[in-house]
Each structure stands twice: as structure tokens, then as C-alpha cells.
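# any chance you can model this:
(chains A and B)
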Amino acid sequence: MLSYSARRIAQAVLVVFAVTTFAFVILRAVGDPARLLVSPEGTMEDLQSLRRVLGLDVPLWQQYVRFIGHSFVGDFGSSFIHGTDAFKLVISRLPATLLLSGAALLIGVPFGMLMGVVAAVNRKKALDQIATFLAVIGRATPHFWLAIMLIMVFSVQLRLLPPSGYGSFAHLIMPAVSLGAGLAATIARLTRSCMLDVLSQDYVRTARAKGLGQDRVVLGHALRNALIPVVTVVGLQLGYLLGGAIITETVFAWPGIGRLLISAINNYDYPIVQSAIIVIASAFVLINVAVDLVYALIDPRVRYD
Amino acid sequence: MTDPVASAPTAARSSESRGISLRSLLRNKAATAALVYLLLVGLAAALAPVLPIVSPDKQNLRARFVAPVSQAPAAAGHPLGTDQLGRDILSRLVNGARVSLSVGFLVVLIAAVFGSALGLLAGYLGGRVETLIMRITDVFLAFPFLLLAVVFMATLGPSLKNVILVLSLTGWVEYARVVRAQVLSLRNIEYVKAAESLGAQAPRLMAKHILPNIVGPTIVIASLHVGSVIIAEASLTFLGLGVPPSVPTWGMMLATGRDYLAVAWWLSTLPGVAIVLTVLSLNFLGDWLRDAIDPTLGRS
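Below is the predicted model of the structure:
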């Protein structure tokens, strides 16, 4: 278990390193930020000096060596636009993104599990069909469209919720619902099929034969075992929520990493883009490792060597 | 006595004839409705240039913001209304379908062929080639796919060609992994071993025994992949990083409709409905295909 953890973490570090390098190369392969940042009346000399200031005047490999050297001491450069430390700026947006992802998780997981359990217990009855239909629709709906529809109904028509912004509970509702709905659909589908698997197991039949009530059988015996694969998927989905938040944040003007990343891309603000990629990729990889380790802990059947 | 080598590929063939038939499709109402819908949309998209509809770019400032099924005189010829420049929504939706469907199917075709080929190589050759290919898929999987696409598009610039390139580049991974696993398990099955011991060369072994057996799983992944590619294209375009605004696309219609939510609900609603119905249909068909080809494949 210990050596497994060590190997998993080493792998994770390697992946983050590969992703960072990849992002560095591809970002510099095209486009010249200095040309965009220099004022239209600027001379050739202005352009050259700006390149020097931004560190873009040396060959690519030298920029890379410099970048790696600096990144070891936690220096990922300054934002070309804001002039402040890029990494710090990205980190300062992390709480907003985590709040949004966490809220989406809190909506998606319980709701999805409830739908899945209700569907499985009422297999082939009306409730199952309704739940399955909702899950199928949820899987086919782009969440940015759901976001726009929510804005149209609850902000434009009913004037109940603010259409965008950050700061209060009311601001959080629509972004979290639009991001959590797809998650609920995925979880519902998975919970249903896992529950159906478990409900046909011998130990569930034994529990029923002992005369236990439906609630005890479903909640005490079946759900606990059906949860194992669900936990894995929830962990992986948390990573995808971080990615999906890119669009949701843009739609709702939510001041998280995703929105920062998109505006940085539009401004050719490489240090910000790079830092955002590193932070998101690290979070994603970290979550995957954590899920694997938690998985090994909660399921005694899983053995690693 | 039957020749084990000659009868081997029929394992794949017989499972196909068991499931994929018009009769089994018609028994599944959702899949039938999905197929009818997709055929209609596909036909309309393919024939868009010759259909008797207005050009999607034709502006008419006297007929701006005409609501769908409106009885106003300006609404004549615009069954689904017009947008902020008086352009016909129906025509733009049909032309948007051209983009969505062609991106969806092209990307899946490229990704499936490329990914399967790499998976085949990895599974068959093993050794360093396998390690290299699998490590690359690890890196791709360790990264939120949308973020990857966003970064690619940001450097390449918005264009239809780049959208197809980027989504193919990020979409091949699952095919490679599934095909590799399939090849690894097939190599240990008796009839493949038998063929090998009878002296069959690698190309023949691949073509006659391995390939027919990986077609099924690949088609299943592919059919469910098309819908997610369509959503991905719409997402990128919505962010301004996908197909340029000059081309009518569902994603772009959604994005511009956002500015007119208070005056024209249909601008953002209708393209969204088009996306949902299309993806829904593709998923229904994919689910049916999966059950038909291989009932043992997971439902998750």
C-alpha cells in the first residue's frame, strides 16, 4: 500500500510536469504577445524592449530552462496585463472555483444518488422511467445552455435571482445548479445500475429472507456496496467539474480560475494561462490520486502490490 | 471437423447478425424515433443549399426579432422567426446542423481510426512502443479534456478545420485504450493462438482474427462519442474559440442569443433544443447499438 502510494504520487508529479511542458511549448509555438501588447504607434525598438522585459527575446529552449528554474522556486512570472505575480493571481481565484465546484457536487451527488436508488428500487415502474428519462436528458444537455435557460427564466422573466456576479448565496444558486445537473444525471445512471447489480446478490436475498424490511435492505445492505463505484466516479467528476467550470464561470461572470483563463487566453497573457493550467492540472491529478487511495481504503477487496 | 482457424471470425459476425437488424431496431421505440429524427436532420443539412429556404446570412432589418409561428406580416417565410439582424432562424438551424453533424462524424472517424491503429500497435507490438503509447494516453487522461481543447484552440486560432483537428487530437485516447485491451485479451484466445502456431503472419492475424473482433466495441464507443463531440464543438464556439462567427453554428447562435434574452427568448432556446435533441438521438442509437452488438459491455 505504501509503495503503491509512493508510485502513484511519483506518477502524478510526472504527469503535471509533462502537462506543464506541453502547455509551455504549444503556447509559444504560435503568436507573439509583445506585438499585441505594444501600442499601435510603438516603434520597432518599443517592440524589442517589450520582448526583452517579457523574456521573449531569447530562443525557446532558453525560455523553457528559465521557466523551469523559476518554477522550482514558485515563480511563474508576472501577468503581462496586470503586472502582478501570475501564480498568486490564479491562486486568489481558486476559492471561487472551489466554491462553485463544491456546491455543484453538493447538488449533483445527493440528488443523483437519490434518483438512482429510487429508480433501481422501482425497476421498470413509472418512477424508474421518469428518473431514467431525466438522466438521459441531463446527459444530452450542454450545461452552458442550461445556464442560459436558467438566467432567462429566473433572472429575466421572474427576476428572482441575479443573472451574474459573485458574493451572495443567491449568486451561487444558478451556476451550481447548471454545473451540478449533468453530474446528477451521471451519478443517477451509475447508482441505478450498481444498485441493480447489488440487489440481485445473494447477501441481499439473505437479508430479505431474514425478514428485514425494504428500508433496511436497501439502505443497510445494498446501498453501502453499490456506493463503491459511485465514490470513484464522484472523485473523477470533481476533476471534470473544474474543467466544466470554465464555461459556467464565463456565462455567470463568476470570478474563478476558468474565467481568468479565458480572458487571459484572449489577451495572450501567457504567465496566467500557464499558471492556470498548472493549478487545474495539479488539482485534477491530485484528486485522481486521492480517489485511488480512498478506494483502496474503503474496499477491502482492492489490493495493490 | 470444422477448421478452428476458418471458423474463428464468425464469432464476431454471428454476434452482429444476432443484434443489428431492422427488426430489433424497430422493437426499440426510442432508437427508432432517434433514427428518424437524425435522418431528417441529416437530410436537411445535406440538402441545405438546394432546399427552398432563405440564405442563412440574408439580413432583413425590417423583419428583426420575429417570433416563431408569429402571424405578423413580417413573419411570412420565417416559421421559426428571425434574429437581431432579421436572418431566418430555420435556415440558420439547418445550416448549423451541417457544421455540428459534419464535425461530429468527421472527428469521430478520425479519432476512431487513429486511436484504434495506435491501440492495435500497442497491443500487438508490446514493449517500448506499448509503453510509450500508453504513457501518452495517461497524460491525456490526466487532464480535463475541455481545458486541453481550449488551450489548443487558443494557440491555433478559431476555424472549422482547427476545431476538427483539436477534437480529434483529444478524442483518440479511449479508442487506443479499449482496442489495446481487446487485442491483449484476444491474443490469448485459442483460435488466435492456433492460427499463430499454424504459421499465420502478423498482417494476416491482424486482418482476419483481431480486426473483426475490435470493430464492435469501437463502433459502440464511436456512436456515443459523436454526441459529446457535438457538445464540445458548441462549447468551444460558445467561448469564441471554435468556429468563427461568420459561420452559422448552433454554439454561436446560443452565444449571440444571450444578449437578447429579454426580447427574444427563441434565439438561445431553439439552437439549444436542436443540440439536445440531436445528442439525445445519437445516445439512444448508441445505447441500442451497444446492447445489440455486445450486451456484456458496461452500462455506466
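# so the nearest residue to A:Met174 once chain neighbours are set aside is in which element?
For A:Met174, ignoring the flanking residues on the chain, the nearest one in space by Cβ to Cβ, 6 or more residues apart in numbering or on different chains is A:Leu150 at 4.7 Å. For the C-beta atoms, the positions are set from N, CA and C on the backbone; glycine is no exception. When elements are defined using DSSP states H and E, A:Leu150 is found to belong to helix A:143-150.
# so the residue nearest to A:Met174 sits right up against A:Gly180, yeah?
No: taking contacts as Cβ atoms under 8 Å, A:Leu150 lies outside contact range of A:Gly180: 11.7 Å.
# so those two - more neighbours on which side?
A:Gly180 (27 against 20; other Cβ atoms under 10 Å in any protein chain shown).
# about what we covered before: which residues touch the helix holding A:Leu150?
The list of residues contacting helix A:143-150 from outside it, by Cβ atoms under 8 Å, 6 or more residues apart in numbering or on different chains, reads A:174-175, A:177-179, A:181-182, A:244, A:247-248, A:250-252, B:235, B:238, B:254, B:257-258, B:261, B:268-269, B:272, B:275-276.
# swap in 6 Å and give it another go.
Surrounding helix A:143-150, the residues in contact under the criterion Cβ atoms under 6 Å, 6 or more residues apart in numbering or on different chains are A:Met174, A:Ser178, A:Leu179, A:Ala181, A:Gly182, A:Ile247, A:Val251, B:Phe238, B:Arg258, B:Ser268, B:Gly272.
# and for the closest residue to chain B within chain A, the neighbour number?
Nearest to chain B in chain A, going by Cβ to the nearest Cβ, is A:Gly243, at a distance of 2.9 Å. For A:Gly243, the number of neighbouring residues by other Cβ under 10 Å comes to 20.
# report pLDDT for the residue nearest to A:Met174.
With respect to pLDDT, A:Leu150 scores 96.
# now swap in B:Ser15 and tell me
At B:Ser15, pLDDT is 41.
# same thing with the one 5 residues further on?
Listed pLDDT for B:Ile20 reads 70.
# now swap in A:Arg35 and tell me
A:Arg35 carries a pLDDT value of 67.
# cool, and A:Val302?
The predicted local confidence for A:Val302 comes out at a pLDDT of 59.
# ok, now A:Asp299?
Reading off the per-residue confidence, A:Asp299 sits at a pLDDT of 66.
# coming back round to it: how near is the residue nearest to A:Met174 to A:Thr21?
Taking Cβ to Cβ, to the nearest Å as the measure, A:Leu150 falls 39 Å from A:Thr21.
# so which residue is smack in the middle of the chain?
Since you didn't name a chain, this refers to chain A. With distances taken as Cα atoms, centre = their mean, the residue of chain A nearest its centroid is A:Leu242 (1.9 Å).
# wrong one, I was asking about chain B
Within chain B, the residue whose C-alpha comes closest to the C-alpha centroid is B:Val226; the distance, by Cα atoms, centre = their mean, is 1.5 Å.
# which regions of the chain sit below the pLDDT cut-off?
By default, I'm working from chain A. Counting by pLDDT under 70, chain A has low-confidence residues at A:1-2, A:29-33, A:35-40, A:296, A:298-305.
# nope, chain B please
Across chain B (using pLDDT under 70), the flagged ranges come out as B:1-19, B:294-300.
# and the residue of it nearest chain A?
Using Cβ to the nearest Cβ, B:Pro144 is the residue of chain B that sits closest to chain A, at 2.9 Å.
# give me the nearest residue to that residue, chain neighbours excluded.
Sequence neighbours aside, A:Gly243 is the residue nearest to B:Pro144 in space, at 2.9 Å (criterion: Cβ to Cβ, 6+ apart).
# what sits against that neighbour?
By Cβ under 6 Å, 6+ apart, A:Gly243 lies in contact with B:Pro144, B:Leu146, B:Leu147.
# coming back round to it: what is the neighbour count of the residue of chain B closest to chain A?
Close neighbours of B:Pro144, defined as other Cβ under 10 Å, add up to 21.
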